[in-house]
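[1] Starting from these lines, generate the structure:
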Amino acid sequence: MKNTITLSHVLDVDEEKCVNCHKCISVCPIKYCNDGSGETVKVINDMCLACGACIKACTHDARNYRDDISQFIDAIRNKTRMVAVVAPAIASNFPNQYLKINSFLKELGIEAIFDVSFGAELTIKSYVDHLKNNKPRSIISQPCPAIVTYIQIYKPDLIPYLAPTDSPMMHTMKMIRNYYPQYAHHKIAVISPCVAKRREFDEVGIGDYNVTIKSLKKLIDDNDIDLLQFQDTEYDNPPAERAVLFSTPGGLLRTAEREVPTIGQISRKIEGREVIYPYLETLNKQIKAGYAPVLVDCLNCHAGCNGGPGTLNEDKHPDEIEFHVEKRNREAQRKYTSPKKVDKMLNSYWKRETYARSYKDLSANNRVIIPSEKELSGLYIEMQKLKEEDFYNCAFCGYDTCERMAVAIHNGLNRKENCYHFKTNVISGLAISVKTTSDILQQQSEKVKSFIIQMQRVTLFLKTEFNDLLQTVNSNNSKLNEFDRIAHSISSIARQTNILSLNAAIEAARAGDLGRGFSVVATEVKHLAESSGNESEKIKPYLQEIALLFSDIKSKINDASTKFEASNQLNNEMSESLETISDMIVELNQKTGLFVNETHNIYNE
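    You can find the predicted model right below:
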């Protein structure tokens with residue numbers, strides 16, 4: 001079993017900015033190099049082509065490329081001995097100022113500047129040599145590293161048809177190493193339109209700093225550098241002829257026509273990620289059937305390298321871009337009087353073995369497992385796709401078809417919740433659930449309201465009863481005061497009777513034998529008075545205890561009455577709150593219905 005080969009990391013995702021909108025997946029020619037199973041969409045680096053499509057598509061600034069600008073600046077500060085190679089796309093990105101870039105770079109300390117357009121001239125020579133000597137059934141051009149990576153990972157059956165020779169950029173760097181001995185050990189900085197070039201440098205083993213044109217422009221702007229203050233400085237290699245067109249779609253063919261005028265008749269020009277990858281998907285069948293062209297001039301980007309993700313031209317009109325490229329082309333061709341002169345010059349920098357290129361089979365990096373029909377059926381059930389009408393193929397998930405989304409879920413690269421059909425089913429189910437719940441709440445609200453009304457009636461009744469009881473207690477409490485006065489009166493009568501009995505006893509004593517019977521009566525009266533006084537004293541504590549009891553009952557009745565008043569107020573407030581909740585439930589029902597309808601309308605447009 002082959003092992004995965006780690007590729008250069010050239011794409012970063014800012015997870016704080018990513019909103020999981022799946023637009024990156026939608027524009028990606030591979031799709032499965034994105035992991036959309038979480039809250040953000042992550043990149044699986046070793047499956048990514050580094051084509052940069054997602055960077056431009058992302059409207060949240062969550063995706064950015066990684067080049068070597070920081071290392072390049074550090075090398076400049078450390079006075080590292082260095083040369084630079086500059087891609088022909090520089091002419092359309094710095095119109096009328098691209099030669100001033102050379103002066104700027106040399107002022108930074110770079111010792112020599114080489115034009116990749118000249119390397120493109122050598123590339124054409126290598127292609128023509130391959131055509132004439134090896135007579136291949138088909139050649140797939142390989143200036144574009146994104147396309148090379150695609151073939152190596154996803155279409156290894158096409159590797160035998162990739163041009164067995166280096167790209168223009170690599171031709172230029174190998175030329176420096178072999179034909180400019182004074183720079184043989186210098187570091188090489190590449191002013192590039194492409195973020196994926198870093199991978200080509202790492203695979204071939206040449207090229208130290210991939211500095212995108214966009215990063216170079218930022219360096220110039222950040223340091224307030226005015227390019228108009230610099231002189232035009234020519235490259236340190238011989239001037240290219242029409243290969244300055246190499247950065248534009250069809251530039252390879254137009255350059256090759258100088259050597260093989262009929263090459264256009266056996267070639268196909270094709271560019272743009274929407275068409276190139278579907279084209280390559282079945283190209284091997286076309287080659288075997290004898291339908292394929294001999295030369296496929298292909299590029300990932302619509303505007304060719306002039307519109308690469310590392311350029312300033314992404315939003316420019318193609319006519320404006322091509323105007324500056326064609327202007328340079330006319331200027332370059334004026335420097336040569338005949339094809340023979342060009343050929344003579346190129347022969348002094350070209351050897352077949354110098355620019356040979358081989359490719360690695362990276363198919364182990366493609367870790368996507370295609371589910372069986374049985375597994376697909378299970379996935380569709382999970383996605384709630386139970387009948388033919390459920391398969392929208394709406395691309396809402398970013399995968400174009402429901403089957404591809406199912407494959408992504410099978411590989412843990414996405415989740416059913418990101419499927420439009422599943423999402424709308426969930427929304428509809430949620431709406432029904434909300435409606436059912438709100439109906440139940442409404443019913444319970446009505447029951448509670450009825451209970452509160454009954455409680456209010458009971459509270460009012462009890463309050464009335466307590467008020468009557470309080471009045472009765474107050475009335476009986478006043479009667480207790482009357483008992484107290486009666487007890488005092490009895491006590492007073494007893495004292496007076498006792499005094500009268502004493503006086504009678506005295507008078508009986510004076511009367512002698514005649515008063516003896518009266519004395520007995522006086523004694524009995526005295527006993528009666530003492531008994532009445534004693535009984536009166538016994539009544540007083542009971543009266544005091546009954547008075548305290550009535551006072552306590554009165555206090556508790558007053559406290560209960562206050563609480564019933566508060567309870568009644570609370571019942572009123574609860575009733576008002578329930579009215580509000582009831583109104584909110586009705587409004588929730590209405591808004592839920594509107595939301596579901598609007599959601600269906602939006603997704604069905």
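[2] List the contacts of residue 55.
    Taking Cβ atoms under 8 Å, 6 or more residues apart in numbering as the contact definition, residue 55 lies against 11, 63-65, 309. Glycine gets a C-beta too; all of them are placed from N, C-alpha and C.
[3] could you redo the last one with a cut-off of 6 Å?
    For residue 55, the contact set (Cβ atoms under 6 Å, 6 or more residues apart in numbering) comprises 63, 309.
[4] do the same with the one 5 residues further on
    Residue 60 sits next to 17, 19 when contact means Cβ under 6 Å, 6+ apart.
[5] if I look at residue 3, how far off is residue 237?
    40 Å (Cβ to Cβ, to the nearest Å).
[6] Of the two, which one has the most company?
    The residue with more neighbours, out of residue 3 and residue 237, is residue 237; 22 against 7, by other Cβ atoms under 10 Å.
[7] Hmm, the more buried one is touching residue 114, no?
    Yes - with contact defined as Cβ atoms under 6 Å, residue 237 reaches residue 114; the gap is 4.9 Å.
[8] Not counting its neighbours along the chain, what's nearest residue 264?
    residue 253 (5.7 Å; Cβ to Cβ, 6 or more residues apart in numbering).
[9] Let me know the pLDDT of that neighbour.
    If you check residue 253, the pLDDT there is 93.
[10] Name the SS class of it, please.
    Put simply, residue 253 is helix when judged by DSSP: H, G, I helix; E, B strand; the rest coil.
[11] which residues touch it?
    264, 267, 297.
[12] try 10 Å this time
    When contacts are counted by Cβ atoms under 10 Å, 6 or more residues apart in numbering, residue 253 touches 124, 141, 245, 260, 263-264, 267-269, 295, 297.
[13] swap in residue 37?
    408-409, 411-415, 417-418 are the contacts of residue 37 under Cβ under 10 Å, 6+ apart.
[14] Tell me where the stretch 151-300 of the chain has strands.
    With DSSP state E, counting those that start in this stretch as the criterion, the stretch 151-300 of the chain has strands at 187-192, 209-212, 267-271, 295-299.
[15] Reformat the ones you listed as CSV; add mean pLDDT.
    Converted to CSV, those look like this (pLDDT from 0 to 100):
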stretch, mean pLDDT
strand 187-192, 98
strand 209-212, 98
strand 267-271, 95
strand 295-299, 96
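[16] Among those strands, which comes closest to residue 52?
    strand 209-212 (10.0 Å; Cβ to Cβ).
[17] Now do the closest one: which elements does it pack against?
    Counting by 3 or more Cβ pairs under 10 Å, 6 or more residues apart in numbering; DSSP states H and E, the packing neighbours recorded for strand 209-212 are helix 69-77, strand 82-86, strand 187-192, helix 197-204.
[18] Helices - which of the contacts of residue 37 land there?
    Among these, DSSP state H puts 408-409 in helices.
[19] Would you show me how to pick out the buried ones of the contacts of residue 37 in PyMOL?
    Of those, the buried ones can be selected in PyMOL as follows, counting by 16 or more other Cβ atoms under 10 Å:
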select buried, resi 408+409+411+413+414+415+418
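[20] which one among the contacts of residue 37 gets closest to residue 400?
    Using Cβ to Cβ, residue 408 comes nearest to residue 400 of these, at 11.1 Å.
[21] where's the nearest residue to that closest one once chain neighbours are set aside relative to residue 133, distance?
    Spatial nearest neighbour of residue 408, excluding adjacent residues (Cβ to Cβ, 6+ apart): residue 414 at 4.0 Å. From residue 414 over to residue 133 the distance is 48 Å, taken as Cβ to Cβ.
[22] could you pull out the strands for the stretch 301-450 of the chain?
    Under DSSP E, counting those that start in this stretch, the stretch 301-450 of the chain gives no strands.
[23] low pLDDT regions in it?
    Scanning the stretch 301-450 of the chain with the threshold set as pLDDT under 70 gives 427-450.
[24] any idea whether the closest residue to residue 54 other than its chain neighbours is helix, strand or coil?
    By the measure of Cβ to Cβ, 6+ apart, the closest residue to residue 54 outside its immediate chain neighbours is residue 24, 3.8 Å from it. Following three-state DSSP, the label given to residue 24 is helix.
[25] Got the confidence number for residue 24?
    Here, the pLDDT recorded for residue 24 equals 95.
[26] is it true that it touches residue 36?
    Yes - between residue 24 and residue 36 there is a contact under Cβ atoms under 10 Å: 8.6 Å.
[27] any idea how far residue 131 is from residue 263?
    Here residue 131 is placed at a distance of 8 Å from residue 263 (Cβ to Cβ).
[28] Give the residues shared as contacts by these two.
    Each of 256, 294-295 lies in contact with both residue 131 and residue 263 under the rule Cβ under 10 Å, 6+ apart.
[29] and of the residues you listed, the nearest to residue 346?
    Nearest to residue 346 out of these is residue 256 (Cβ to Cβ; 13.0 Å).
[30] got the contact list for that closest one?
    Applying Cβ under 10 Å, 6+ apart, the residues near residue 256 are 123-125, 127-128, 131, 141, 242-243, 263-264, 267, 295, 297.
[31] contacting residues around the closest residue to residue 82 other than its chain neighbours?
    Once flanking residues are discounted, residue 82 sits nearest to residue 187: 4.5 Å by Cβ to Cβ, 6+ apart. Listed by Cβ under 10 Å, 6+ apart, the contact set of residue 187 reads 71-72, 75, 80-84, 110, 207-209.
[32] And for residue 104?
    Contacts of residue 104 by Cβ under 10 Å, 6+ apart are 94, 97, 110, 113, 216, 219-220, 225, 227, 229-230, 233.
[33] just how off-centre is stretch 74-89 within its chain?
    Chain-centre distance of stretch 74-89: 37 Å, with Cα atoms, centre = their mean, to the nearest Å.
[34] May I see the buried residues of it?
    Neighbour-count burial for stretch 74-89, with 16+ other Cβ under 10 Å as criterion, is recorded at 75-76, 80, 82-89.
[35] quick one on the thing from earlier: just put the strands of the stretch 151-300 of the chain in JSON lines and tack on distance to residue 576.
    Formatted as JSON lines, the strands of the stretch 151-300 of the chain follow (distance: least, Cβ to Cβ, whole Å):
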{"stretch": "strand 187-192", "distance to residue 576": "71"}
{"stretch": "strand 209-212", "distance to residue 576": "66"}
{"stretch": "strand 267-271", "distance to residue 576": "70"}
{"stretch": "strand 295-299", "distance to residue 576": "72"}
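[36] what's the closest of the ones you listed to residue 280?
    Taking Cβ to Cβ, strand 295-299 is the member of the strands of the stretch 151-300 of the chain nearest to residue 280, at 7.7 Å.
[37] Any idea how far that closest one is from the middle of the chain?
    Distance, centroid of strand 295-299 to centroid of chain: 37 Å (Cα atoms, centre = their mean).
[38] repeat for stretch 200-215
    Once both centres are worked out by Cα atoms, centre = their mean, stretch 200-215 turns out to sit 31 Å from its chain's centre.
[39] Any idea how far apart the tips of that stretch sit?
    End-to-end distance for stretch 200-215: 19 Å, by Cα to Cα, to the nearest Å.
[40] for stretch 218-231, same thing?
    End-to-end span of stretch 218-231 (Cα to Cα): 20 Å.
[41] Pull the distance from that stretch to the chain's centre.
    A distance of 37 Å separates the centroid of the chain from that of stretch 218-231, by Cα atoms, centre = their mean.
[42] same question for it, mean pLDDT?
    Taken as a whole, stretch 218-231 has an average pLDDT of 96.
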